[in-house]
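Peer 1: model this:
(one chain, ligands or ions: 1)
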Amino acid sequence: MVSRNGRRALAAGAAAVLALGLTACANDSDSGSGSTGGGGGDEQIVMGFAQVGAESGWRTANTKSIQEAAEEAGIELKFSDAQQKQENQIKAIRSYIQQKVDVIAFSPVVETGWDTVLKEAQDAGIPVILTDRAVDSEDTSLYVTFLGSDFVEEGKKAGEWVVEEFGSEPTNIVELQGTTGSAPAIDRKEGFEEVLAGQSNFTVIASQTGDFTRDGGKKVMEAFLQQNPDIDLVYAHNDDMGLGAIEAIEAAGKVPGQDIKIVTVDAVKDGMQALADGKINFIVECSPLLGPQLMEITKTVLAGDSVEPRIVTEETTFTQEQAKEALPSRQY
Ligand code: GZL
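Peer 2: Below is the predicted model of the structure:
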């Protein structure tokens, strides 16, 4: 059976060809008026970007990367912050369609509910590029490509560290999930569980969303601590929720990184500092620096050339020692 990621990759390839056709058609139909802006002509490219929000250190770094890369690439950027609400992202995309931008890029806050608005963009001849998070749509002709991480792989890396760290010891795990319905939350959970499956000494005793925020992670961890006296490990889907969990663990009179170990995903500066300080035990990197690649893909698509159907970013992992070495030169 083709995995969800595989289905996205296979069909997105077809999308890339179709979208290039659409872009060409849009340019041809408008060539008389030359009103398509930077769609392959000499005029400046105009991009509409609908960002998820500003919920975490990762998102802040991602926004900075996109804004700086657009300026560097000479692309006019129309930018919106949806405050983690899908309806706000949909409104922003509709606004970009009305403004006849040359390309729309966005990070879908959740995986589903996008077909209608993406069809409106397709009908308007505006190519859509997914960055960071993916959509789980049957009709994958609706976007040109996906640029971002393999979240299932990230979950597996976290699980592999847990197996190595705890061996055959009975281990009670609590999980701080990302935003409900989002690709990273779904896939990081899937990858983690895949590695721990069949290892009977590992038990996920509680799992709940902290919505990728520090406050969310703190509140959920406080409840976990009240309900479960014997927690050995926190698996947080991002650093920010892990940092919130640290606050809750310390308030409960326990030592994070020792009494209760913590593994997170992202590797933003605050998370790496906590890792170097011994409060987090392992971090799986998820790079937010997607801006330069997004601008290159945009120019390629608007020039009528083909792009890879799925472009996965290179990422690594960090131990406490590696964090101490990496921190001084960390970009985010
Ligand atoms: C992952 C990204 C996630 C980060 C969180 O690519 O979508 O959203 O892991 C962020 O920090 O809020």
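
Peer 1: give me the secondary structure label for residue 133.
Peer 2: Secondary structure, DSSP: H, G, I helix; E, B strand; the rest coil: residue 133 is coil.

Peer 1: list the contacts of it.
Peer 2: 52, 107-109, 111, 148, 182-184 (Cβ atoms under 8 Å, 6 or more residues apart in numbering). (Each C-beta comes from the backbone N, C-alpha and C, glycine too.)

Peer 1: which stretches of the stretch 101-250 of the chain form helices?
Peer 2: When assigned using DSSP state H, counting those that start in this stretch, the helices of the stretch 101-250 of the chain occupy the ranges 115-123, 151-166, 183-196, 214-227, 239-251.

Peer 1: distance from the chain centre to the last one, please.
Peer 2: Just to be clear, that refers to helix 239-251. 21 Å (Cα atoms, centre = their mean, to the nearest Å).

Peer 1: before we move on, what about the first one?
Peer 2: Using Cα atoms, centre = their mean, we find the averaged C-alpha position of helix 115-123 to lie 22 Å away from the chain's own average C-alpha position.

Peer 1: got the buried residues for that helix?
Peer 2: Buried positions in helix 115-123, judged by neighbour count with 16 or more other Cβ atoms under 10 Å: 117-118, 120-122.

Peer 1: nearest to residue 235, out of those: which one, please.
Peer 2: Residue 235 lies nearest to residue 118 out of those, by Cβ to Cβ, at 32.5 Å.

Peer 1: pLDDT wise, what is the closest one at?
Peer 2: What the model reports as pLDDT for residue 118 is 98.

Peer 1: isn't it up against residue 137?
Peer 2: Yes. When contacts are counted by Cβ atoms under 8 Å, residue 118 is listed as touching residue 137 (7.4 Å).

Peer 1: residues in contact with residue 273?
Peer 2: Here residue 273 is in contact with 323, 327 (Cβ under 8 Å, 6+ apart).

Peer 1: distance of it from the ligand?
Peer 2: Computed as Cβ to the nearest ligand atom, to the nearest Å, the residue 273 to the ligand distance reads 16 Å.

Peer 1: near the ligand, which residues of the chain show up?
Peer 2: 55-56, 58-59, 132-133, 148-149, 184, 212, 238, 240, 265-266, 286 (Cβ under 6 Å from any ligand atom).
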